[in-house]
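Student: Using only what follows, build the 3D model:
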Amino acid sequence: MVGTTIHHPRQADRGLPDPRESETLRSPYAERRAIPDEAIAIVKELWRRDDPSSAEKYSCVSGMPCTPKPLQQPHIPVVIGGNGRAVIRCTVQLGKEWHSPVVPPERLDQSIDELQVHAQAASRTIAEIPV
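Tutor: Sure thing, here's the model as predicted:
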């Protein structure tokens, strides 16, 4: 399961993690979704290929075999956790399942509607993406 816990600066006032943490780690807040998206793609490469090679913006993998390979093919199911449009987009593009943290029913309904829209745009059905 993959999730990100970097929140918008306004959320710090509500007791959520301080967004300056991402800047301290040289992980700009504005790029918070690109980093895990890239990491998921690289892990999938490690699972699928005998000699994976990938040079992306945030990481580089070469000559790094990953064994044993997963029994599930083409790879282990990736479950994306979190809420928000970017997380739902990531789930449709890179994930197998979506895990939504506890949210009010009306927010969950809205998120499932967004999941349906993104799934259709990606030629997937919502039935392919367990919640």
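
Student: Extract the C-alpha trace of the longest helix seen in the chain and format it as PDB.
Tutor: The residue-count maximum for a helix in the chain (DSSP state H) belongs to helix 105-121. Extracted C-alpha coordinates of helix 105-121, given in PDB (Å, rounded to 0.1, in the frame of the first residue of the first chain):
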ATOM      1  CA  PRO A 105     -20.300   9.200   3.800                       C
ATOM      2  CA  GLU A 106     -21.000  12.200   1.500                       C
ATOM      3  CA  ARG A 107     -17.300  12.700   1.000                       C
ATOM      4  CA  LEU A 108     -16.800   9.000   0.100                       C
ATOM      5  CA  ASP A 109     -19.600   9.200  -2.300                       C
ATOM      6  CA  GLN A 110     -18.100  12.200  -4.000                       C
ATOM      7  CA  SER A 111     -14.700  10.500  -4.100                       C
ATOM      8  CA  ILE A 112     -16.200   7.400  -5.700                       C
ATOM      9  CA  ASP A 113     -17.900   9.600  -8.300                       C
ATOM     10  CA  GLU A 114     -14.400  11.100  -9.100                       C
ATOM     11  CA  LEU A 115     -12.900   7.600  -9.300                       C
ATOM     12  CA  GLN A 116     -15.600   6.700 -11.800                       C
ATOM     13  CA  VAL A 117     -14.800   9.700 -14.000                       C
ATOM     14  CA  HIS A 118     -11.100   9.100 -13.900                       C
ATOM     15  CA  ALA A 119     -11.600   5.400 -14.600                       C
ATOM     16  CA  GLN A 120     -13.700   6.000 -17.600                       C
ATOM     17  CA  ALA A 121     -11.100   8.500 -19.000                       C
END
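
Student: Now stretch 41-54: average pLDDT?
Tutor: Confidence over stretch 41-54 (mean pLDDT, whole number) is 88.

Student: first to last residue in that stretch, what's the distance?
Tutor: Separation of the first and last residues of stretch 41-54 by Cα to Cα, to the nearest Å is 9 Å.

Student: hmm, who's touching stretch 49-61?
Tutor: Counting by Cβ atoms under 8 Å, 6 or more residues apart in numbering, the neighbours of stretch 49-61 from elsewhere in the structure are 34-35, 38-39, 41-42, 45-46, 62-66. Just so you know, the C-beta spots here come from the backbone N, C-alpha and C atoms, and that holds for glycine as well.
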